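[1] Fold the following for me, if possible:
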Amino acid sequence: MVAPQHSKRLAAAARRRQILGVAADLFTAQGFEAVSMADIARVLGISRPAVYSYFACTEAVLGALLEEHLGLLWQHLEAVIPARSSADTRPAPGFYARLFTVLLGQPGTLLLLYSGGGPVFQARRNAFLTELERRLDLQFPGAGRRPYQMSVVTQLLGSLAFFAVQQRLPDAHLLAETLDLFTRGGMAELARAEPVLKVSVT
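    The predicted structure follows:
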């Protein structure tokens, strides 16, 4: 957690960064809906008006956090999404495992993105997953999918990555490999995989 600074002379940029850091910790620990501007002010040791001078409400704090976190996440995702080739009709083996690993490498973003169940968070999650779906469809058009299949894949990527981070799975890399096999060939592909992939959830 970001250490509170009580100095009234703290620069505006530093204070804003402090507010965002404390808010991110509170959102992921308690859930977005349970956190108020008063909670953020109390942790920082400043007044509520001081927090309101930077953000109008907790939704505005959330918006700033997600813009920053998701911007960084997209940079990492774009590094593993290949440049479009006319020969690319479906992802190469290991592609989804690499995407999954990128998501695992941004635990703070995942915990923040899934730290609430209300309309605000649902809209943010859906926007992120829809954009990921759109970019993957652009890269691999007409790969023999039914219209809903890529949506299912992106939902799996996000939900399973969040689960792995939240549960701190020691063998999340096996989950990544399993997901990759499943997205490419379904249960039949998993059945052919050797050795059999086993992921512990204890």
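[2] helices and strands of the chain: which one has the lowest mean pLDDT?
    Across the helices and strands of the chain, mean pLDDT, DSSP states H and E gives its lowest value to helix 172-192, namely a mean of 65.
[3] Mind jotting down where the helices sit in the chain?
    Counting by DSSP state H, one finds helices in the chain at the ranges 12-30, 37-44, 48-52, 58-80, 95-104, 107-113, 119-139, 149-167, 172-192.
[4] quick check: domain ranges of this structure?
    Following the assignment in automatic domain parsing, the chain carries domains at 12-56, 68-192.
[5] Columns distance to L62 on top of these, output as a markdown table?
    C-betas here are computed from N, CA, C, even on glycine. Output for the domains of the chain, formatted as a markdown table (distance: least, CB to CB, whole Å):
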| stretch | distance to L62 |
| --- | --- |
| domain 12-56 | 6 |
| domain 68-192 | 7 |
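[6] For stretch 78-85, the averaged confidence score.
    For stretch 78-85, mean pLDDT is 75.
[7] what residue lies at the spatial centre of the chain?
    Note on the chain: the residue nearest the mean C-alpha position is L110, at 3.3 Å, using CA atoms, centre = their mean.
[8] For L73, list the residues it contacts.
    V102, L103, Q106, T109 (CB atoms under 8 Å, 6 or more residues apart in numbering).
[9] picking that back up, which of the domains of the chain has the lowest mean pLDDT?
    Ranked by mean pLDDT, the domains of the chain bottom out at domain 68-192, which scores a mean of 76.
[10] Measure how far that domain is from the centre of its chain, please.
    Computed by CA atoms, centre = their mean, to the nearest Å, the chain-centroid distance of domain 68-192 equals 10 Å.
[11] Name the residues of stretch 48-59 that are buried.
    For stretch 48-59, the neighbour count (16 or more other CB atoms under 10 Å) marks A50, V51, Y54, F55, T58 as buried.
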